[in-house]
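Trainee: generate coordinates for the sequence data below:
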Amino acid sequence: MRTLVTLLALSAAGLALAEDKKKETPVVPPREGKSETIKLFDGKTLDGWEGYSDLWSVKDGEIVAKNTDPIRVSTYLLTKDKYTDFRLTFSAKLVESEMHSGVAFWGVVKPDVSKDPEKDRTKYTYAGHLVMFPSGWGMYDLFGRNGLPVDGGPAKKVGKQHDWNDIEILAQGNRVRVAANGVAVVDWRDPEPKRIKEGPIGLQLHSNSVPQEIRFKGLVLETFPKEDKLVTVK
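Mentor: Numbers count the residues shown, from 1 in each chain. Predicted coordinates for the structure are as follows:
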């Protein structure tokens, strides 16, 4: 009887181990392509971007996201070009409200999240990955898995709620690394790489019932980065 019990236990352990191996996150290597540095923002206009003109503007060399009326569904300022592997460096500041903002990527523009896109203003809504800051540091899968298992604690220690945060996002293969104010705060691989798509970069103005203002500047992107590491880490 003990032998049978032992065999059953070993069999169960073997099945569990096999199941765990199935669940192991695959390692997708960085994709290959032309490496070039692109200034996504010229400091004067929103050339190369698209979004609601009453919500996005340029002032003092900064992109300003601002709403006074409620926003039913989060909206984005989107690059007209699409990207997969990239390094993006920029600065962001939450001026008004306590709601987080973020940068979206690896997804698609999805106006059909609403039954009435015109009323709910979902023309520039995004479905994909989101790096959040500064209130809710972490990552989110927009219109997918929702919150992703990324610890926002390290970023909260170095993040600034109503001041400029210098941020670097390095997206390669199925791996996302993030630095905030010179400190590495995220290193995560997507266990479901089939979800990753070549898509625009999106700056987020979150759904909210109160006025908000978020500012962005810098916004320099390197396609297919030559260095496989965060470069702004002190």
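Trainee: for the rest of this, base every contact and every neighbour count on C-alpha atoms.
Mentor: Fine.
Trainee: can you give me the helices for the chain?
Mentor: In chain order, the chain shows helices spanning 2-23, 117-120, 153-158, with DSSP state H as the criterion.
Trainee: pLDDT of stretch 76-89, averaged?
Mentor: Averaging pLDDT along stretch 76-89 yields 98.
Trainee: any buried residues in it, and which?
Mentor: 76, 77, 78, 79, 83, 84, 85, 86, 87, 88, 89 (16 or more other Cα atoms under 10 Å).
Trainee: can you check stretch 209-225 too?
Mentor: Buried-residue list, stretch 209-225, by 16+ other Cα under 10 Å: 212-225.
Trainee: do stretch 159-175 as well
Mentor: In terms of neighbour count (16+ other Cα under 10 Å), stretch 159-175 has its buried residues at 159-162, 164-175.
Trainee: out of these, who's nearest residue 29?
Mentor: The shortest approach to residue 29 among the buried residues of stretch 159-175 belongs to residue 173, at 4.9 Å (Cα to Cα).
Trainee: hang on, that closest one packs against residue 83?
Mentor: No: at 11.8 Å, residue 173 and residue 83 do not qualify as touching, with contact defined as Cα atoms under 8 Å.
Trainee: re the thing from before, between the buried residues of stretch 209-225, which sits nearest residue 153?
Mentor: Within the buried residues of stretch 209-225, the smallest distance to residue 153 is 21.9 Å, found for residue 214 (Cα to Cα).
Trainee: tell me how far the closest residue in space to residue 197 that isn't next to it in sequence lies from residue 85.
Mentor: With Cα to Cα, 6 or more residues apart in numbering as the criterion, residue 197 has its nearest non-adjacent residue at 4.7 Å, and that residue is residue 106. According to Cα to Cα, to the nearest Å, residue 106 and residue 85 sit 9 Å apart.
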